[in-house]
Each structure stands twice: as structure tokens, then as C-alpha cells.
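Peer 1: Return a 3D structure for these sequence lines:
(one chain, ligands or ions: 2)
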Amino acid sequence: MVKVAVVGASGGIGQPLSLLLKLNPLVSDLALYDVRLAQGVAKDLSHISTNAVCRGYDKDQIGEALRGAHVVLIPAGVPRKPGMTRDDLFKINAGIVKGIVTAIGQYCPDARILIISNPVNSTVPIAVETLKAMGKFYPGNVMGVTTLDVVRAETFLADYLIAQKKNSISKQYDKTKMCKDVTVIGGHSGNTIIPVIKKKPLISTLASAYDEFVHRVQFGGDEVVKAKDGAGSATLSMALAGYRFAEQVLKSIHRENTAPIPTYVYLPGIANGVKAQAKLSTSLEYFSLPANLLDGRVTSVDDTILDSLSPQEKKLVERAVKELETNIDKGKKFVNGNSKL
Ligand SMILES: NC(=O)c1ccc[n+]([C@@H]2O[C@H](COP(=O)([O-])OP(=O)(O)OC[C@H]3O[C@@H](n4cnc5c(N)ncnc54)[C@H](O)[C@@H]3O)[C@@H](O)[C@H]2O)c1
Ligand SMILES: O=C(O)C[C@H](O)C(=O)O
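Peer 2: Ligands and ions are numbered 1, 2, ... in the order given. Below you'll find the model as predicted:
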């Protein structure tokens, strides 16, 4: 019996994400919360003939929505418009995430918390600091969802490899199997997104397309924001990505073995987090690395990936660190004071 709550369930991500969760047999209760429309979305989904019981909760019912939840997904907040950075969303989304996480600390402090709201590089530190201040922080429970970067890296790598080979061996690059070839570490914005090619010879295969591939993974979000022309950012691919991550958490709660999956976590709280920091040559508290899950929580990260980086990938890590430091600091200060906002 697993209760999953989606906070921000009526939004562009929230609705398709809730639909996918309604289809998952590992979910027994699906609680949909939003400041608008959640009852309607829940009624709609409740007609689907799967066993998860789906209920909607109005603005003043967050406690009921969260009480007893084992997993909480947070896609609440405003999305970007063309010309904005994710950091521009901080002013509105920082307060939204802090408020939601405070309610989680109150009503379901043990829940695994999956944070989608941007800027993820800062909203995850906001969640952790909020829970710490409440005395309710359990390391490994708070996970920043960076899976969309992985999904994009898989898609774009296959596209570029197929183009390089001029379609002659395109079957070798089945997009659904690219997870063995590429993953993504770092953070979730522009230069902090670091695609890592697992099969290093593919970097030479990409040749001059390598830089273009990296750029598309780092700025894939901007492509969608531009194409949607003021109507928001990625929602459908994000719903799939958020579901892909949540599915691993659910399987892990059900004692199924799961492969390491990247997530942006608080490193000092994870078994080998300090070792990972040393390998990164930084004191960064947050970084996305492939994470091992146990009971749906991060227990350790795969720091060995940092031993195998190519010279190009090492440079990407170095470039990411400064921006991540600033983003993390901004999130921490928002909760602990000294914020200029
Ligand atoms: N992590 C990622 O990879 C990733 C990818 C895409 C989008 N995002 C982010 O996800 C967030 C949501 O994007 P979207 O396109 O679904 O936006 P949206 O505007 O379509 O939906 C957001 C929903 O959040 C709700 N909401 C606002 N304040 C709330 C609160 N206090 N409590 C509960 N619900 C609240 C709104 O009513 C709305 O239904 C944005 O911040 C966006 O930048 C992250
Ligand atoms: O680009 C955005 O603002 C949304 C999301 O972070 C994305 O990567 O698509």
C-alpha cells in the first residue's frame, strides 16, 4: 500500500504525471493537491479502471492530501517564459516550495520528496534547509528530479550518432536503450548540466558534433520554452521523466532492485557523499550523481563515474561548480536569512 501525493497536480506537468501514476499498480492511493482544479483532475482520473484510489484536495486541504503519503512529487510553481532563466523563477517558486515542504514536515515527515519545481539547483537546498530547521530532515529523502536531462541526452545522443553514421546502422542506436551509453550529472540549469558518455569511444564518433550535443542537452529546456512561445516549458517530456524517476522509487519501496538513477542530492547526508565531494575537488553540498535507492531513499551515490570522466567532461564539471555554489547558497540563505530577496 503506497500513497503518492502530487502537489501542483493541475498543472502542465502535474496532470500527465498524475495520469501515469494512476496507471502504476504499485500505487494504492493517489492524492492530488493544487491551489486550483485538483478536484476536477482527480474526478477525471478516478474514472480510469486501474486500482489506485484517486482523490483531489482543495487549497485549504494540504494536510489531508499529505497525511500518510509515502512519496510526494512537487511540480508546483511557475514555469519559464522566453528570455527567462530558471533562476528568474526563484522569486516566486522559492516561497511556494518552502511552504509545501513545511507542510510535508508537518504531515508526512518520512515521505520521499521528489522536487521538480525550478530552479531545482536552489529549490532542493530550500527543501533540505526547511526540514532541517523543523528537525525533520532525513538525508536521502529529498531528491531533485534531473531525469529530463537524462531523457534528452539519450534522445540527442542517438540523433547525432545516427546522423554521423548516415542512417546505415541506425538500428544500433535504439533510443529506448541509450541509457547504457549516456547519463547526466551536476545540476539542472544550462552549464551545470553535464552529460557523461559512458562509452568513451562514442565521443570520437561524435567528432565535431560533440560540442553541439552537449549544448543541446544543457539548453534543451530553452528549445521547448521558445517553441511554446510564452505558454510555458516542457510538460509532457517532463511528466514522462518525473514518472520514470518515481517508478524507480516505487519499485525500491516494493523491495525490487533498481539500477542507479541520477538525482540531485545533499551529499553530506549520503554514505559516500563526502568521498564524491573529494573526487569533485569541491565542498559543494549538492550534486546530481547516479544514486542507489533502498526503500525509495538514496543511500549512496555512484562516485566511480567521476573517475572515468573524459578531459572534456572534467572541464564541464569545473565550469558547473561555480554556478552551482551560487545557486545552492541562494537557496540556503532564503531559508536561513541573509537573503537579499
Ligand atoms: N525539474 C525539471 O526538469 C523541470 C522540467 C520542466 C518544468 N519544471 C518546473 O516545474 C514547475 C511546474 O511547471 P508546469 O509547466 O507544470 O507549470 P504550470 O503553471 O502548468 O503548473 C504549475 C501548477 O502549480 C500549481 N501551484 C502553484 N502554487 C502552488 C502551491 N502553493 N501549492 C500547490 N500547487 C501550486 C498551479 O496552480 C499550477 O497548477 C515549474 O517551476 C517548471 O519550471 C521542472
Ligand atoms: O526549461 C525549463 O524551464 C523547464 C525545465 O527545467 C526543462 O529543462 O525543460
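
Peer 1: Distance check, the closest residue in space to residue 67 that isn't next to it in sequence against ligand 2.
Peer 2: Excluding the flanking residues, the one nearest residue 67 by Cβ to Cβ, 6 or more residues apart in numbering is residue 107, at 4.8 Å. The C-beta positions use only the backbone N, C-alpha and C, and glycine is treated the same way. With distances taken as Cβ to the nearest ligand atom, to the nearest Å, residue 107 is found 27 Å from ligand 2.

Peer 1: my guess is residue 107 meets residue 57, correct?
Peer 2: No - applying Cβ atoms under 8 Å as the test, residue 107 and residue 57 come out as separate, 11.5 Å apart.

Peer 1: who has more neighbours, those two?
Peer 2: With neighbours defined as other Cβ atoms under 10 Å, residue 107 and residue 57 compare such that residue 57 has more, 21 against 18.

Peer 1: What is the neighbour count of the residue of the stretch 201-341 of the chain found nearest ligand 2?
Peer 2: Among the residues of the stretch 201-341 of the chain, residue 221 lies nearest to ligand 2; the distance is 2.3 Å by Cβ to the nearest ligand atom. Around residue 221 there are 25 other residues, counting by other Cβ under 10 Å.

Peer 1: Which residue, other than its chain neighbours, is closest to residue 294?
Peer 2: The shortest distance from residue 294 to any residue other than its chain neighbours is 6.5 Å, reached at residue 252 (Cβ to Cβ, 6+ apart).

Peer 1: is it true that residue 114 touches residue 246?
Peer 2: Yes - taking Cβ under 8 Å as the contact criterion, residue 114 and residue 246 are neighbours in contact, 6.2 Å apart.

Peer 1: Determine the residues that are contacts of both of these two.
Peer 2: Contact with both residue 114 and residue 246 is made by residues 71, 73, according to Cβ atoms under 8 Å, 6 or more residues apart in numbering.

Peer 1: how far away is the residue of the stretch 201-341 of the chain closest to ligand 2 from residue 188?
Peer 2: When distances are taken as Cβ to Cβ, to the nearest Å, residue 221 and residue 188 turn out to be 9 Å apart.

Peer 1: overlap in contacts of those two?
Peer 2: Both residue 221 and residue 188 are in contact with 86, 148, where contact means Cβ under 8 Å, 6+ apart.

Peer 1: Stretch 322-332 close to ligand 1?
Peer 2: No - no part of stretch 322-332 sits close enough to ligand 1 to count as contact by Cβ under 6 Å from any ligand atom; the gap is at least 13.4 Å.

Peer 1: which outside residues touch that stretch?
Peer 2: 87, 90, 94, 119, 121-126, 129, 186-187, 189-192, 282, 284-287, 339.

Peer 1: and residue 292, helix, strand or coil?
Peer 2: The local conformation at residue 292, judged by DSSP: H, G, I helix; E, B strand; the rest coil, is strand.

Peer 1: burial count for it?
Peer 2: Using other Cβ under 10 Å, residue 292 has 20 neighbouring residues.

Peer 1: wait, what's in contact with it?
Peer 2: Residues in contact with residue 292 (Cβ under 8 Å, 6+ apart) are 260, 298-302.

Peer 1: rerun that using 7 Å as the cut-off
Peer 2: Residues counted as contacts of residue 292 (Cβ atoms under 7 Å, 6 or more residues apart in numbering) are 260, 299-300.

Peer 1: Do a quick rundown of the strands in this protein.
Peer 2: 3-7, 29-33, 53-57, 71-74, 112-115, 142-144, 182-186, 193-197, 261-266, 286-294, 297-301 (DSSP state E).

Peer 1: List the buried residues of the third one.
Peer 2: Going back to what we said before, that points to strand 53-57. Neighbour-count burial for strand 53-57, with 16 or more other Cβ atoms under 10 Å as criterion, is recorded at 54-57.

Peer 1: anything in it near ligand 1?
Peer 2: No - figure legend: strand 53-57 not in contact with ligand 1 (Cβ under 6 Å from any ligand atom); closest approach 9.7 Å.

Peer 1: Can you tell me what sits against that strand?
Peer 2: Strand 53-57 is contacted from outside by 22, 28-33, 38-39, 41-43, 45-46, 64-65, using Cβ under 7 Å, 6+ apart.

Peer 1: Show me which pair in those residues is furthest apart.
Peer 2: Between any two of the contacts of strand 53-57, the greatest separation by Cβ to Cβ is 20.2 Å, found for 28 and 39.

Peer 1: For residue 210, give its distance to residue 157.
Peer 2: Note on residue 210: its distance to residue 157, by Cβ to Cβ, is 10 Å.

Peer 1: Residue 195 too?
Peer 2: Here the criterion is Cβ to Cβ. By it, residue 195 lies 8 Å from residue 157.
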